[in-house]
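>>> Need the 3D shape of this:
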Amino acid sequence: MIQKSGLELSYHDHEDLLAFLIETAWRLSLKYEPGRGSTKNFAGWATTNLRLGVIEWQRKRFGRTHWKFRDSTYERKRPTIVSLDDDSGDDRMGEALGGGGLDDDGDRVGDQLRLLSARGRAPARYEDEIRKRLPPDAA
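Below is the predicted model of the structure:
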């Protein structure tokens, strides 16, 4: 069943799908009623349902990417995974951040900490700003 599906799976995905299909076949054996439906034996009925089980497993494992509605089709691209640790690829998080972290040059750490401190203060009142601009003997 797995070979006929044409899926290119890793060893672990192959084993996971196999376990899923064995579990599904067991559940189907508990539901089977001879003579009911279009198939005459359990093998034909199970084969049809196990083919659907492969699709169900794929959707659970990889997510659904293709929907068809009456006259329209929607296809979702799979998300790309960006490594936060490895700078060897094209999709690097460091480029998006543009550096500027606290682990950069020692001179910049103090500047960044001062900016964070200034952000934490309460905003000045309008009257206080006016008093600062007046000469000392005018107040």
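>>> going forward, measure contacts between C-alpha atoms and count neighbours the same way
Will do.
>>> can you pull out the helices in this structure?
2-5, 11-31, 42-62, 93-97, 106-120, 126-133 (DSSP state H).
>>> Report the mean confidence score over stretch 66-81.
Across stretch 66-81, the average pLDDT comes to 80.
>>> Revised request: answer the last question for stretch 28-35.
Averaged across stretch 28-35, the pLDDT comes to 84.
>>> List of residues touching stretch 72-81?
Defining contact as CA atoms under 8 Å, 6 or more residues apart in numbering, one finds that stretch 72-81 is touched by 65-68.
>>> tell me which residues of it are tucked away?
The neighbour-count check on stretch 72-81 (16 or more other CA atoms under 10 Å) flags nothing as buried.
>>> one step back: include distance to residue 74 and mean neighbour count when you put the helices of the chain into JSON lines, please.
What follows is the helices of the chain, written out as JSON lines (distance: least, CA to CA, whole Å; neighbours: other CA atoms under 10 Å):
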{"stretch": "helix 2-5", "distance to residue 74": "23", "mean neighbour count": "10"}
{"stretch": "helix 11-31", "distance to residue 74": "26", "mean neighbour count": "13"}
{"stretch": "helix 42-62", "distance to residue 74": "15", "mean neighbour count": "14"}
{"stretch": "helix 93-97", "distance to residue 74": "29", "mean neighbour count": "12"}
{"stretch": "helix 106-120", "distance to residue 74": "45", "mean neighbour count": "11"}
{"stretch": "helix 126-133", "distance to residue 74": "55", "mean neighbour count": "9"}
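>>> could you redo these as TSV and give each row distance to residue 73?
Formatted as TSV, the helices of the chain follow (distance: least, CA to CA, whole Å):
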stretch	distance to residue 73
helix 2-5	23
helix 11-31	27
helix 42-62	17
helix 93-97	33
helix 106-120	49
helix 126-133	58
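>>> quick one: which of these has the weakest pLDDT on average?
Mean pLDDT is lowest for helix 93-97 out of the helices of the chain, coming in at a mean of 53.
>>> Figure out which of the helices of the chain is closest to residue 83.
Proximity to residue 83, assessed across the helices of the chain by CA to CA, is greatest for helix 93-97 (7.0 Å).
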